[in-house]
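Colleague: This is the structure alone, sequence omitted:
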């Protein structure tokens with residue numbers, strides 16, 4: 001199985017923390033954030049990873065080259081950021097056309113069993129994409145889902161001023177390779193703003209209480225350091 005890991009973000013909200021360290025390599029209890037993702041992906045049976053790089057790309061490339069026991073990694077440099085959907089489109093040849101694959105936003109810290117997510121996705125054979133969702137107390141700051149009783153997404157809106165629920169998209173997905181036929185050719189493009197709203201009725205939400213935290217601010221980054229990091 002393969003995975004596309006979106007890791008090119010600058011992390012500007014983190015200020016000096018990302019001046020010399022890419023966001024995806026910020027240490028969490030002494031381990032780079034990417035290290036946790038590689039561990040989770042390996043446990044889920046992922047053998048090959050496509051990862052985009054931009055800010056301090058040499059640091060990420062050096063880190064990947066130093067790892068001996070991770071899935072095989074292909075890095076893709078974006079001189080100008082393509083947006084998450086643009087990066088995904090560039091990964092089409094890497095993924096191929098015969099299997100499902102993970103799409104991971106690496107600026108999240110998560111302790112989540114991806115095998116459960118994949119099992120849910122496979123149980124909903126009509127799902128073009130299944131995304132991990134969680135309850136949030138800040139729905140105006142997230143991509144918000146409405147789900148039916150079976151988990152099918154009835155509506156999706158990024159950062160709505162009047163949220164229809166408190167169930168948020170985490171940026172952790174498993175998708176059918178058929179999704180490439182539904183991507184826009186316009187670049188840059190964003191998965192949340194430009195793609196997911198066009199797939200309503202064909203995508204599902206997997207709601208979990210496992211640890212998922214966007215470490216996008218100094219406050220959330222500090223909070224992660226004091227948490228228990230075991231899988232649920």
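Modeller: Yep, it's here. Note that the structure is predicted; figures quoted are calculated from it, not measured. Residues are numbered from 1 along each chain as shown.

Colleague: Skipping its backbone neighbours, what lies nearest residue 10 in space?
Modeller: Counting by CB to CB, 6 or more residues apart in numbering, residue 55 is the residue found nearest to residue 10 once chain neighbours are left out, at 4.5 Å. Heads up, the C-betas are built off the backbone N, CA and C, glycines and all.

Colleague: Is that neighbour in contact with residue 11, as I believe?
Modeller: Yes. At 7.3 Å, residue 55 counts as touching residue 11 under the criterion of CB atoms under 8 Å.

Colleague: Show me where the chain has its helices.
Modeller: 33-43, 57-66, 83-90, 92-95, 114-123, 218-224 (DSSP state H).

Colleague: For my notes, please list the ones you listed in a markdown table and give mean pLDDT for each entry.
Modeller: What follows is the helices of the chain, written out as a markdown table (pLDDT from 0 to 100):
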| stretch | mean pLDDT |
| --- | --- |
| helix 33-43 | 96 |
| helix 57-66 | 95 |
| helix 83-90 | 96 |
| helix 92-95 | 96 |
| helix 114-123 | 97 |
| helix 218-224 | 91 |
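
Colleague: out of those helices, which comes closest to residue 168?
Modeller: Of all the helices of the chain, it is helix 218-224 that lies closest to residue 168, at 14.1 Å by CB to CB.

Colleague: Could you check that closest one and say which residues are buried?
Modeller: Neighbour-count burial for helix 218-224, counted by 16 or more other CB atoms under 10 Å, picks out 221, 224.

Colleague: could you say what helices and strands it packs with?
Modeller: With contacts taken as 3 or more CB pairs under 8 Å, 6 or more residues apart in numbering; DSSP states H and E, helix 218-224 sits against strand 211-214.

Colleague: I'd like the mean pLDDT over the strand it packs on, please.
Modeller: If you average the pLDDT over strand 211-214, you get 91.

Colleague: got a list of contacts for it?
Modeller: With CB atoms under 8 Å, 6 or more residues apart in numbering as the contact definition, strand 211-214 has outside contacts at 107-112, 132, 134, 170-172, 220, 223-224, 227, 229, 232.

Colleague: now swap in stretch 194-203 and tell me
Modeller: With contact meaning CB under 8 Å, 6+ apart, stretch 194-203 is reached by 83, 85, 126-131, 143, 152-157, 169, 179, 182-184, 186, 189.

Colleague: Look up how far residue 80 lies from the residue nearest to residue 10.
Modeller: Residue 55 sits 12 Å away from residue 80, going by CB to CB, to the nearest Å.

Colleague: Off-centre distance for stretch 171-178?
Modeller: Relative to the chain's own centre, stretch 171-178 is displaced by 9 Å; criterion: CA atoms, centre = their mean, to the nearest Å.

Colleague: Quick check: mean pLDDT of that stretch?
Modeller: Mean pLDDT, stretch 171-178: 96.

Colleague: Now do the buried residues in it.
Modeller: Neighbour-count burial for stretch 171-178 flags 171-177 (criterion: 16+ other CB under 10 Å).
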